[in-house]
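**Q** Below is the structure, and that's it, no one-letter string:
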């Protein structure tokens, strides 16, 4: 019999076999290798591919034509008008009859715009609801948006071509190429609020990008998703998806066009590729960096999703959400989300049953050992979280932005911290209890965590439930012999690696440096499964294995800290604005960046030594690098009061905003102490947050119209105060004046514009 002595020394029969830990580590290495080898999208197909199949070659040719000269094309600009005309031409060439729908929309960020959405339809065999396939065609001001989201537009045109070659689907397909996503989902909102076609939508497939490469991930669902996941999985050749992604995205503040449909309870699927995130919203998001393999995968996913959803009953889709994950990107395994708590209970029962089965075979595995195994798994998680935050202090200097061009040393450091922390605790426990007791405690921990997550966050629960169920079954079947118990401890570790390693890779791409901290914490749970196997390791191994892992983690952290944080292929993001007030004799250069001002740019203009609020209306905490600049010699925007009345202690204003220099965007900054109650641009109400009557926030709030015509636009305002106050009116155009060329020329090669890009701004302070 195996017994634990009075001094906590485990007699030989209760230990894991000496080969247990090396085998488990080898299996984890195999799981990591499989995850790495299968992490990419499928190979791109050439233009000569059969007409009924998706071809990245054809998609790339369309994308090249849509981008034209590669200029940025934000909402409301002539460049975006040209892109829209090219989209219309391609649709007509494919045999569609597209239409342009115009409507004004406003969002919670007080941005409004007249969106011009392109809509085309492909009838189905039956009348009724249709599947909406959607992407946005506007870009940010910094770059042409080749990946975000012209790749989605080109993919939709390729899907539209393939659909034309096949018999009609059960339900029709609507193609929506919308404008204004980058300004806050304005195109999607205009469609939902103003287009009669919205009533026809039964399900949505949205295409996005948050990088320039990688597999097309199905990362978000809306509404009851079990039926949609099933339909997509049945037709996808290379599914990359997980309910973990869906759960994480629900907890993030990010939005895409699907968010608008989600608010209106419309079911949908969201796809995006996220590799090379440093190019996102930058001037380098151009055609040269688009991955043909990502285009191939995007198209195949979109086609599979559209075909699957269009053959379903869109009038009455079945209820229910799913827990799901792909296995080796070949098949999607899934079960109803409501089943997860029951699976958690089953895993607990199996772990307890296996522990008693082992004990009945004559091996000591008492409750004290169970508690030791359970608490050591929890302690490993807490310890690794502390170590991961400590490691972050080392690497932080090498991460001025969330992503860097060479993340592998940092990734290795956080993985090794998890290994070292978990094995360190495992070594302490391994000499105080037997394998069976530690095994029971560890897998009770996994099962309990799976049960809790099955109730609270079922989309995450499969990561814990599947290995715990495998462990329970292995314990029951193999727990009768010492070798069998070692196998029962090693095999679930392999299963955990197969499930976890692929999704952990994506956490860095989605969350940046913070994602590495989350990765280390989750890996602590994975490596806690090794605790029972440390019972078979000698004293030297228990001491030196974790120390070697932690020492290597520190070495990799210092390597990551020393690497250049930017490169021409992974550039630093920096935007320049040229601004002048109407009454100022000179202008101002304003530089927004995520780090220090490059020395070459500091020498090109007389920048203040420290960052400061860039504009008169900026809040006190706002900071940018500021330098005097030559006068812009351009007329400032203006606001004309068309109506002004006061009733019941409230002031009603109707104003006209104009930009004599023809800027496409005009904003007014209304003081918060004016207590704006509602604002309306061109008849569309802007959501206005409640304003505190006592101690209102200082400063003003910007209300912007992004598509101002030459004759100007009207704005109506109701204020809770009738007192005259100073407002600012600001216009904004993309690009910089010739006087800024010297500053631009001083930018290093690894610096590019980001988001709205380089801007020219004029402002006027007016008494209202």
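**A** Sure, I can see it. Since we're looking at a predicted model, the values are computed, not measured.
**Q** pLDDT below threshold where in the chain?
**A** For the chain, residues meeting the criterion pLDDT under 70 lie at 1-17, 359-369, 427-434, 535-537, 541, 690-697.
**Q** That one - how does it break down into domains?
**A** Per the record, the chain has its domains at 56-320, 337-562, 571-768, by automatic domain parsing.
**Q** Which residue is the nearest non-sequential neighbour of the spatially most central residue of the chain?
**A** In the chain, the residue lying closest to the centroid (CA atoms, centre = their mean) is residue 510, at 5.0 Å. Sequence neighbours aside, residue 274 is the residue nearest to residue 510 in space, at 6.1 Å (criterion: CB to CB, 6 or more residues apart in numbering). Any C-beta I mention is one placed from the backbone N, CA and C, and that applies to glycine too.
**Q** How many residues are close by the one you found?
**A** By other CB atoms under 10 Å, 22 other residues sit near residue 274.
**Q** Angles on the backbone of it, please.
**A** phi -130, psi 0 (degrees, to the nearest 10).
**Q** list the contacts for it?
**A** Applying CB atoms under 8 Å, 6 or more residues apart in numbering to residue 274 gives the contacts 209, 210, 211, 214, 217, 506, 509, 510.
**Q** Surely the second one touches residue 148?
**A** It stands for residue 210. Yes. In terms of CB atoms under 8 Å, residue 210 counts as a neighbour of residue 148; the distance is 6.9 Å.
**Q** Which neighbours do the two have in common?
**A** With CB under 8 Å, 6+ apart as the test, residue 210 and residue 148 both reach residue 280.
**Q** Looking at these two, which one has more neighbours?
**A** Counted by other CB under 10 Å, residue 210 and residue 148 do not tie: residue 148 has more neighbours, with 27 against 23.
**Q** Next, work out how far apart that one and residue 246 are.
**A** As defined by CB to CB, to the nearest Å, residue 148 lies at a distance of 21 Å from residue 246.
**Q** Which helix or strand lies directly C-terminal to the biggest strand by length in the chain?
**A** Across the chain, the strand with the greatest residue count (assigned by DSSP state E) is strand 111-122. Once the chain leaves strand 111-122, the next helix or strand it forms, by DSSP states H and E, is strand 130-136.
**Q** what are the ranges of the helices in the stretch 501-650 of the chain?
**A** For the stretch 501-650 of the chain, applying DSSP state H, counting those that start in this stretch gives helices covering 513-528, 539-562, 599-604.
**Q** Tell me which other helices or strands the longest one touches.
**A** Other helices and strands packing on helix 539-562, by 3 or more CB pairs under 8 Å, 6 or more residues apart in numbering; DSSP states H and E, are helix 367-395, helix 408-430.
**Q** How about the first one?
**A** Counting contacts by 3+ CB pairs under 8 Å, 6+ apart, helix 513-528 packs against helix 367-395, helix 408-430, helix 435-456, helix 482-511.
**Q** Take the ones you listed and write them to CSV, including distance to residue 225.
**A** Listed next are the helices and strands packed on helix 513-528 as CSV, based on distance: least, CB to CB, whole Å:
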stretch, distance to residue 225
helix 367-395, 30
helix 408-430, 31
helix 435-456, 17
helix 482-511, 18
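**Q** and residue 157, which of those helices is closest to it?
**A** helix 482-511 (26.8 Å; CB to CB).
**Q** Please state the offset of the closest one from the chain centre?
**A** For helix 482-511, the distance from its own C-alpha centre to the chain's C-alpha centre is 24 Å (CA atoms, centre = their mean, to the nearest Å).
**Q** Report the angle between that helix and helix 513-528.
**A** Helix 482-511 runs at 170 degrees relative to helix 513-528, counting by axes from the mean of the first three to the mean of the last three CA atoms, to 10 degrees.
**Q** Next, the angle from helix 482-511 to helix 435-456.
**A** Helix 482-511 and helix 435-456 meet at an angle of 40 degrees, taking the same axes, to 10 degrees as the criterion.
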